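> How does the following fold in three dimensions:
(4 chains)
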There are 2 protein chains.
Amino acid sequence: MKQPTILDVAKRAGVSKSLVSLAMRGSDQVSAASRQAIFEAAADLGYRPNAAARSLVRQRSFILGVMLSDLHNPFFAEVVDGIDDAALTAGYRALYNSGRRSPQLEAEAIETLLELRVDGLIVAAPAIGPKSAVAAARSVPTVVVGRATRSAEIDCVTNDDRLGGELVVDHLVSLGHRQIAHIHGGSGAGAHPRRTGYERAMRRHGLSAEIRSVAGAYTEDAGMRGMEELLDSGDRPTAVFVANDIAAIGALDVLDEYGLRVPEDLSVVGYDNTHISGRHRFDLTTIDQPRSEIGYTAVSLLLERLDEGRIEAKRVVLAPRLVARGSSARVSLRAAAERA
Amino acid sequence: MKQPTILDVAKRAGVSKSLVSLAMRGSDQVSAASRQAIFEAAADLGYRPNAAARSLVRQRSFILGVMLSDLHNPFFAEVVDGIDDAALTAGYRALYNSGRRSPQLEAEAIETLLELRVDGLIVAAPAIGPKSAVAAARSVPTVVVGRATRSAEIDCVTNDDRLGGELVVDHLVSLGHRQIAHIHGGSGAGAHPRRTGYERAMRRHGLSAEIRSVAGAYTEDAGMRGMEELLDSGDRPTAVFVANDIAAIGALDVLDEYGLRVPEDLSVVGYDNTHISGRHRFDLTTIDQPRSEIGYTAVSLLLERLDEGRIEAKRVVLAPRLVARGSSARVSLRAAAERA
DNA sequence: GTGAAAGCGCTAACAC
DNA sequence: GTGTTAGCGCTTTCAC
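Alright, predicted model coming up:
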């Protein structure tokens, strides 16, 4: 199981290890004869460079570490595609970690990446506060994805969650809704501004009295519980804005159980434009975030620091976009009547 | 940005670097006074051990590398949870890679992990043939997940895909179906045995003449195309077994578009028991695989080689289980009549 | 073109 | 208890 080293290759090829090193990295300072002997020896031996040793001496790993808070959210699959693609193009490799939605595990995952001496760190939608990301940023270029950080020292890329929340309300109000409730996303990334956007837009439309938020999170379960709470209250809204698509899908499940029809009895809007939301069976009105662009941008921010020496922090805010589908519709006479 | 090293800590604490090394690893050979001085110095400096250096000298990285072929399949989120949990419990860290469903990228991802000198490698549902996994296994303990390998030298954990395919057919036949088509999974992991199981069970039930497979893959798109092909053929089956849940969801979408009802006009069965398949809106009959157990088992196989010195290859086959839901039902008189 | 030598940050004998 | 020393596998001057 002992792996061959550069020295084994050198011996077999009858040259010094420095020459092997040069040849392996494609230097043209090596004679054709030596080069061939070296490559042959390497192939015979099944030589594979040791990235740890290389990283140690070069002080560069060419690895971008990505802490993923929640692999269960399909939203991130596409962000990851963007990250992966951008990293590869730039000559880096992306390595991922799971935080399993636990602040404690997220911190450990980040620590693991840092000990590995990744050249750059991406923290995706942490449940954990930005403190540890800020701490990490002191030792390596870091960008937080999906959550705006208060601190001015750290790069981040988000969509404008507050605006997204407002777009949802504007859309529902334009359909005649007034009783618009919100199942919020708890401590999830972007949940707070989404809620702020909801409240702000409600006020702007003169609906302050109708503002109504219930506890939630970015999980199906939370969406179910939130919807149950709203339905069991005996005061049913005509529309519900759920903090993300996953939770919205849970909410729809509860509506089905209760025998309520969407959008006839109740309009539902999600957030993320997760792939699944476009399926006929859900046909969920939602807010689109440019997923692969988010991933791509995160890597770009890292590269600007790594390869171009940028120092000052930068925050990129991408535009959200309402995608109107069948789960939201003009408020029905019946629903309005029931309310009256 | 220069990181403090063990030497910086030693200087600041006024001791030698070996003592620091001992203290950091919790040896009790260090006096209380030194220990405290060392920890204080480390904290002051923000010292963080360099995993690359450590891995180099210890010849152990305590990292398990996982090549994920397709992050888009929610099926793997839970397998990953199992892997992560088991690895952490055993004192290892799991690091993930994306193969983005491309054989070429999968090979590169595996190579990256190998160069990093991970202690163990998990190859999850590779689109790539097992050749490269076998090659990898020569340098590090390796287990392939989700795809049975012909080679006897390599560990793998799968569910019994062939049996799973048979269970689907048995279920549908028991509901009176005879015209049961299959949208297969192409080169996807486990797709071949699922198809074999389908065909074998059809024969067993005396339905050889009804065997009918159309091309597919483990994507929504492929499921859509497969279902379109079946519907446009002018010879509609009464039930369709789709190779996995994702593709089945695509297939359902097409049925919705065509205005066909499930299960009244057509029964549909998937594979994986992905979380989403349980939602009311889909209510998809499917085959359950024990996801976190799969992940957990994969890590155990690695640990047996790593910590217990197992040499001979081992293949673990877990039992699939039919989960009957609303997308499959007794063949309707109308569907049968239309066929006649 | 090629080789010798130093050193990246750490651990592990081995002294004392 | 604590310090010294010799590498782990690689890259990188700097000679020749």
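
> For the stretch 151-300 of chain A, list the residues in contact with chain B, please.
Residues of the stretch 151-300 of chain A found near chain B (CB under 8 Å from any CB of the partner chain) are A:220, A:249, A:252-253, A:256-257, A:275-276, A:279-282. Bear in mind the C-beta positions are built from the backbone N, C-alpha and C, glycine included.

> Looking at the stretch 151-300 of chain A, which residue is nearest DNA strand C?
Here the residue of the stretch 151-300 of chain A nearest DNA strand C is A:Glu153; by CB to the nearest atom of the strand that distance is 23.7 Å.

> circling back: give me the buried subset of the residues of the stretch 151-300 of chain A next to chain B.
A:220, A:249, A:252-253, A:275-276, A:279, A:281-282 (16 or more other CB atoms under 10 Å in any protein chain shown).

> Nearest spatial neighbour of the closest residue to chain B within the stretch 101-250 of chain A, chain-adjacent residues omitted?
Nearest residue of the stretch 101-250 of chain A to chain B: A:Glu115, at 4.1 Å (CB to the nearest CB). Spatial nearest neighbour of A:Glu115, excluding adjacent residues (CB to CB, 6 or more residues apart in numbering or on different chains): B:Ala51 at 4.1 Å.

> and if you look at A:Ile110?
A:Met67 (5.1 Å).

> give the contact list for that neighbour.
Contacts for A:Met67 (CB atoms under 8 Å, 6 or more residues apart in numbering or on different chains) come out as A:96-97, A:99, A:106, A:109-110, A:113, A:121-124, A:126.

> Now it: phi and psi?
Note on A:Met67: backbone dihedrals following degrees, to the nearest 10 are phi -90, psi 120.

> wait, is A:Ser18 part of a helix?
Yes. Assessed by DSSP: H, G, I helix; E, B strand; the rest coil, A:Ser18 belongs to a helix.

> wait, does stretch A:327-337 make contact with chain B?
No. Applying CB under 8 Å from any CB, one finds stretch A:327-337 out of contact with chain B, separated by at least 10.8 Å.

> Okay, helices next: where are they in the stretch 151-300 of chain A?
A:161-174, A:191-204, A:220-232, A:245-257, A:291-308 (DSSP state H, counting those that start in this stretch).

> Show me what the fourth one packs onto, helices and strands only.
Under the contact definition 3 or more CB pairs under 8 Å, 6 or more residues apart in numbering or on different chains; DSSP states H and E, helix A:245-257 sits against helix A:220-232, strand A:239-242, strand A:267-269.

> A strand includes A:Val316, no?
Yes. The assignment for A:Val316 by three-state DSSP puts it in a strand.

> and the gap between it and A:Arg212?
For A:Val316, the distance to A:Arg212 equals 33 Å [CB to CB, to the nearest Å].

> What of A:Leu303?
Counting by CB to CB, the separation of A:Leu303 from A:Arg212 is 44 Å.

> in what helix or strand does A:Ala52 lie?
In this assignment (DSSP states H and E), A:Ala52 forms part of helix A:51-58.

> Would you reformat the buried ones among the residues of the stretch 151-300 of chain A next to chain B as CSV and include distance to B:Thr297 and pLDDT?
Below are these laid out as CSV (distance: CB to CB, whole Å; pLDDT from 0 to 100):
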residue, distance to B:Thr297, pLDDT
A:Glu220, 26, 96
A:Ile249, 30, 97
A:Leu252, 34, 98
A:Asp253, 31, 97
A:His275, 29, 91
A:Ile276, 28, 92
A:Arg279, 32, 95
A:Arg281, 33, 95
A:Phe282, 33, 97
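
> can you list those residues in CSV and add distance to B:Ala324?
Listed next are these as CSV, based on distance: CB to CB, whole Å:
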residue, distance to B:Ala324
A:Glu220, 21
A:Ile249, 22
A:Leu252, 22
A:Asp253, 19
A:His275, 26
A:Ile276, 23
A:Arg279, 22
A:Arg281, 19
A:Phe282, 23
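
> Contacts only, for the closest residue to DNA strand D within the stretch 101-250 of chain A.
Using CB to the nearest atom of the strand, A:Arg117 is the residue of the stretch 101-250 of chain A that sits closest to DNA strand D, at 12.7 Å. Going by CB under 8 Å, 6+ apart, A:Arg117 touches A:55, A:61, A:140, B:3, B:50-52.

> that older thread, just put the helices of the stretch 151-300 of chain A in CSV and tack on distance to A:Val80.
Listed next are these as CSV, based on distance: least, CB to CB, whole Å:
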stretch, distance to A:Val80
helix A:161-174, 20
helix A:191-204, 21
helix A:220-232, 21
helix A:245-257, 16
helix A:291-308, 6
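
> What residues of stretch A:274-294 count as buried?
A:274-279, A:281-294.

> Return the subset of those lying in strands.
The strands, defined by DSSP state E, take in A:286-288 from the buried residues of stretch A:274-294.

> Export these as CSV, with columns for pLDDT and distance to B:Leu333.
CSV is the format used below for those (pLDDT from 0 to 100; distance: CB to CB, whole Å):
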residue, pLDDT, distance to B:Leu333
A:Thr286, 98, 40
A:Ile287, 98, 45
A:Asp288, 98, 44
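
> Does anything pack onto the helix or strand hosting A:Ile83? Which helices or strands?
Element membership of A:Ile83 [criterion: DSSP H and E] is helix A:75-89. On a contact count with 3+ CB pairs under 8 Å, 6+ apart, helix A:75-89 meets strand A:63-68, strand A:93-98, strand A:120-124, helix A:291-308, strand B:93-98.

> Any part of the second one near chain B?
The reference is to strand A:93-98. Yes. Interface with chain B: strand A:93-98 contributes A:93-98 (CB under 8 Å from any CB).

> My guess is A:Thr297 contacts A:Val316. True?
Yes. With contact defined as CB atoms under 8 Å, A:Thr297 reaches A:Val316; the gap is 5.3 Å.

> related to what we said a few turns ago, ok, what's across the strand from the residue nearest to A:Ile110?
A:Asn97, A:Val123 (DSSP bridges).

> What about A:Arg58, how many residues nearby?
By the criterion of other CB atoms under 10 Å in any protein chain shown, A:Arg58 has 9 neighbours.

> Enumerate the residues of chain A near DNA strand C.
Counting by CB under 7 Å from any atom of the strand, chain A comes close to DNA strand C at A:15-19, A:22, A:29-31, A:33-34, A:53, A:56-57, A:59.

> which pair in these spans the largest distance?
Maximum pairwise distance among the residues of chain A next to DNA strand C (CB to CB): 32.9 Å, between A:Ala33 and A:Gln59.

> SS state for the residue of the stretch 101-250 of chain A closest to DNA strand D?
coil.

> Flag every residue of chain A that's near DNA strand D.
Residues of chain A lying near DNA strand D (CB under 7 Å from any atom of the strand): A:2-3, A:5-7, A:17-18, A:21-22, A:24-25, A:47, A:49-50, A:53-54, A:56-58.

> Of those, keep whichever come out buried.
A:3, A:5-6, A:21-22, A:24, A:47, A:49-50, A:53-54, A:56.

> any chance of those residues in JSON lines, plus pLDDT?
What follows is those, written out as JSON lines (pLDDT from 0 to 100):
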{"residue": "A:Gln3", "pLDDT": "93"}
{"residue": "A:Thr5", "pLDDT": "97"}
{"residue": "A:Ile6", "pLDDT": "97"}
{"residue": "A:Ser21", "pLDDT": "96"}
{"residue": "A:Leu22", "pLDDT": "95"}
{"residue": "A:Met24", "pLDDT": "94"}
{"residue": "A:Tyr47", "pLDDT": "97"}
{"residue": "A:Pro49", "pLDDT": "97"}
{"residue": "A:Asn50", "pLDDT": "98"}
{"residue": "A:Ala53", "pLDDT": "98"}
{"residue": "A:Arg54", "pLDDT": "97"}
{"residue": "A:Leu56", "pLDDT": "97"}
